[in-house]
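*Asks:* model the following, please.
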Amino acid sequence: MVTLFPMKKSVLTRYRVMAYVTAVMLLVLCTCMVFKYGFDMGEDVTFAVSQVHGFLYIIYLVFAFDLGSKAKWSFGKLLWVLLSGTIPLAAFFVERKVTHDVEPLIGEPAPAVAKA
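*Replies:* Reported below is the predicted structural model:
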């Protein structure tokens with residue numbers, strides 16, 4: 001699929017980085033929750049991790065929305081990608097699918113013009 005205005009690779013790269021970071025932080029948060037509620041320990045750590053994950057998730061939302069608007073996704077697809085940051089392990093799988101779908105939309109960098 002060729003578009004008139006190809007997407008920059010940086011849009012996909014920053015989404016991918018935040019998808020991985022958000023997914024890893026969500027797994028860390030889930031582990032903290034097991035310790036907090038299962039073993040009654042680590043309440044302070046769980047609070048700190050939840051705050052960090054929440055902040056990173058907001059950044060993830062911004063980058064995912066930016067990517068979705070530039071890739072012209074349907075509302076349903078955009079919603080699924082945005083929510084995948086709240087489901088443990090989902091962001092890893094969604095990121096792979098999104099990367100596969102978006103890579104053809106990325107434009108090639110313009111060749112440098114040599115000046116005489």
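*Asks:* and Ala90, what does it touch?
*Replies:* The contact partners of Ala90, taken as C-beta atoms under 8 Å, 6 or more residues apart in numbering, are Ala23, Leu83, Ser84. Backbone N, C-alpha and C define where each C-beta goes, glycine included.
*Asks:* try it again with 10 Å
*Replies:* Counting by C-beta atoms under 10 Å, 6 or more residues apart in numbering, Ala90 makes contact with Ala19, Ala23, Leu26, Trp80, Val81, Leu83, Ser84.
*Asks:* then Val81?
*Replies:* Per C-beta under 10 Å, 6+ apart, neighbours of Val81: 15, 19, 60-61, 64-65, 67-68, 71, 73, 90-91, 94-95, 97-98.
*Asks:* quick check, pLDDT for the most centrally placed residue in the chain.
*Replies:* By C-alpha atoms, centre = their mean, the chain has its centre lying nearest to Ala19, at 2.7 Å. On pLDDT, Ala19 comes in at 95.
*Asks:* swap in Thr3?
*Replies:* Taking Thr3 on its own, its pLDDT is 48.
*Asks:* also Ile106?
*Replies:* Note on Ile106: pLDDT of 81.
*Asks:* so it is in contact with Met7, correct?
*Replies:* Yes. With contact defined as C-beta atoms under 10 Å, Ile106 counts as touching Met7 (5.3 Å).
*Asks:* what touches both of those two?
*Replies:* Common neighbours of Ile106 and Met7 (C-beta under 10 Å, 6+ apart) are Ala71.
*Asks:* count of neighbours near Ser50?
*Replies:* For Ser50, the count of nearby residues is 16 (other C-beta atoms under 10 Å).
*Asks:* look up the closest residue to it, ignoring the ones flanking it.
*Replies:* In space, and not counting its chain neighbours, Ser50 is closest to Leu29: 5.8 Å by C-beta to C-beta, 6 or more residues apart in numbering.
*Asks:* packing partners of the one helix or strand that neighbour maps to?
*Replies:* Leu29 belongs to helix 9-39 when elements are defined using DSSP states H and E. Applying 3 or more C-beta pairs under 10 Å, 6 or more residues apart in numbering; DSSP states H and E, we find helix 9-39 packed against helix 43-71, helix 90-102.
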